[in-house]
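In: any chance you can model this:
(2 chains)
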Amino acid sequence: MRFTILASAAVLLAAAQDPHQKLKEVLKDQNAHESWIYNDLARGTAEAKKSGKPLLVVFR
Amino acid sequence: MVQANGIDLSLFQFDYGMTWAVVFLNADGTIYGRYGTRDYRDEQSAKPLVALSGFRQALQAALEIHKGYPANKESLKAKRGPAPRFPKPDGYPSLRQFAAPIQTTSADTAETSCLHCHQIEQADYKIYRLARQPIPDDKLWAYPLPDVAGIVLDPAERARVKEVLPNTPGAKAGFKAGDDLVSLDGQPLVSIADVQWVLHQAKDPATVKAEVSRGGSKQSLTLSLPAGWRRKGAVKGHGSWVYRPISDARDLPADQRKKLGLADSAVAIEILWADHGLQKGDVIIEADGRRSGMTLTDFLAYTAQKKMTGDKVAVTVLRGGKELKIQLAVP
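Out: All right, here's what the predicted structure looks like:
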């Protein structure tokens, strides 16, 4: 029971950390590497502003 | 970005027929460059002209531009295109259902609610078809390859000339194999896609200033593009499904023309997919009374610019050694 709760909590935590996980699942997107900001231009732009780095946007 | 729902069309303008396309930009929206090229001359493969080494160099070039920003801002202005017809894709009447973000309740809802980039191009063509207007040259022959000017670039490099075809604008301008294109029309280049961007915006006719690096030194060249230069290329693939009365096709290769007794200049368009009353293997040898000087691209452009929805194109096809007359309906 403790393991199940912990596992469920871990799943919920993962989903909360990656709001686009569901999208990856329904698209069966196996090409989405964890290092990419996935389908979230606003977040990418914010990260680029914060870091001072240029942005690379891939449309695929 | 795995869907085009709600994208800013004033910012993201590129060849929407690409299945993989890159835009490099500053967080303030200044575009540094583009990467990703396809050759639509073979419409079945729409051969991607990309290579890891070329992409690596594009990345390095984008970082160089970023290092020089904002001092180089003026040279980057033209990398942003003109105001689009609509600010977002759902402005197009045929794309209104994509105003909402992609749905993730199931794979089916994700598929039907996901806007593909190429649908933007098709939606734009539909505007012309509904208004019964010809689709203009700069839309049909969008993002021309520099090959149309006789300049063949190497996909394994940033923007290096692999070959210059004789008796072409590129040859007359003095381009040479081995030249590295540094800038075109004053814009720094990170890739072949950046060269296509400049050509895409160029007028007909046009004069385009180029800077190349040759043997360690910079040279300035002037590329004069004559009237009709754009039509040397192939029409865009995905968009053509809006107006074409045939499915997949190709210009019959020379050896097969010979077997059928067809001259080099004869119309010889081989059908590769059965549809519209045509069978795979049919060869169109006449279209609206014309038996010569019409390639597949010419035929598609003819339907896009001279025929409207509901019109017919009278074709003669070779099938099993016999000539057959068919009326094709233009969508």
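In: from here on, just use CA atoms for contacts and neighbour counts.
Out: OK.
In: and the helices in the stretch 101-250 of chain B?
Out: B:107-113, B:117-130, B:137-140, B:169-173, B:192-201 (DSSP state H, counting those that start in this stretch).
In: and the last one, what's its mean pLDDT?
Out: What helix B:192-201 shows for mean pLDDT is 98.
In: and residue B:228, what pLDDT?
Out: Note for residue B:228: predicted pLDDT of 96.
In: that one reaches residue B:202, doesn't it?
Out: No - with contact defined as C-alpha atoms under 8 Å, residue B:228 does not reach residue B:202; the gap is 11.8 Å.
In: hmm, back to that, nearest to chain A, out of the helices of the stretch 101-250 of chain B?
Out: Closest of the helices of the stretch 101-250 of chain B to chain A is helix B:107-113, at 4.5 Å (criterion: C-alpha to the nearest C-alpha).
In: what helices or strands is that closest one leaning on?
Out: Packing partners of helix B:107-113 (3 or more C-alpha pairs under 8 Å, 6 or more residues apart in numbering or on different chains; DSSP states H and E): helix A:21-26.
In: residue B:1 versus the one residue sitting closest to the centre of chain A, what's the distance?
Out: Residue closest to the mean C-alpha point of chain A, counted by C-alpha atoms, centre = their mean, is residue A:18 at 3.8 Å. Plainly put, residue A:18 is 15 Å away from residue B:1 if you go by C-alpha to C-alpha, to the nearest Å.
In: likewise for residue B:115?
Out: Residue B:115 is 11 Å from residue B:1, where distance means C-alpha to C-alpha.
In: wait, what's in contact with the residue lying closest to residue B:19 once chain neighbours are set aside?
Out: Leaving out its chain neighbours, the residue that sits closest to residue B:19 by C-alpha to C-alpha, 6 or more residues apart in numbering or on different chains is residue A:60, at 5.4 Å. By C-alpha atoms under 8 Å, 6 or more residues apart in numbering or on different chains, the contact set of residue A:60 is B:1-3, B:19-21.
In: quick one, which of those are buried?
Out: Neighbour counting with 16 or more other C-alpha atoms under 10 Å in any protein chain shown marks B:1-3, B:19-21 as buried within the contacts of residue A:60.
In: in helices, which of those appear?
Out: Within the buried ones among the contacts of residue A:60, no residue falls in helices by DSSP state H.
In: pLDDT and distance to residue B:311 added to the residues you listed, as CSV?
Out: As requested, these are exported to CSV (pLDDT from 0 to 100; distance: C-alpha to C-alpha, whole Å):
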residue, pLDDT, distance to residue B:311
B:1, 93, 39
B:2, 91, 37
B:3, 92, 34
B:19, 87, 32
B:20, 92, 35
B:21, 95, 36
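In: what does chain B put close to chain A?
Out: Within chain B, the positions adjacent to chain A are B:1-3, B:19-28, B:63, B:66, B:104-107, B:110-111 by C-alpha under 8 Å from any C-alpha of the partner chain.
In: of those, which belong to strands?
Out: Among the residues of chain B next to chain A, the ones falling in strands (DSSP state E) are B:21-25.
In: which among those residues gets closest to residue B:258?
Out: Nearest to residue B:258 among these is residue B:21, at 39.5 Å by C-alpha to C-alpha.
In: show me what contacts residue 25?
Out: No chain was given, so I picked chain A. So residue A:25 contacts nothing (C-alpha under 8 Å, 6+ apart).
In: other chain: chain B
Out: A:54-57, B:31-33.
In: now swap in residue A:43 and tell me
Out: Residue A:43 neighbours (C-alpha under 8 Å, 6+ apart): residue A:37.
In: name the SS class of it, please.
Out: Three-state call for residue A:43 (DSSP: H, G, I helix; E, B strand; the rest coil): helix.
In: so which residues of the stretch 101-250 of chain B form strands?
Out: With strands called from DSSP state E, counting those that start in this stretch, the stretch 101-250 of chain B shows them at B:151-153, B:161-164, B:180-184, B:187-188, B:206-214, B:217-225, B:249-251.
In: from the chain's centre, how far out does the third one sit?
Out: This means strand B:180-184. Taking C-alpha atoms, centre = their mean, to the nearest Å, the mean C-alpha location of strand B:180-184 is offset from the chain mean by 21 Å.
In: helices and strands around that strand, which ones?
Out: Where contact means 3+ C-alpha pairs under 8 Å, 6+ apart, strand B:180-184 is packed against strand B:206-214.
In: which of the residues in the strand it packs on are buried?
Out: Residues of strand B:206-214 classed as buried: B:208, B:210-213 (neighbour count, 16+ other C-alpha under 10 Å).
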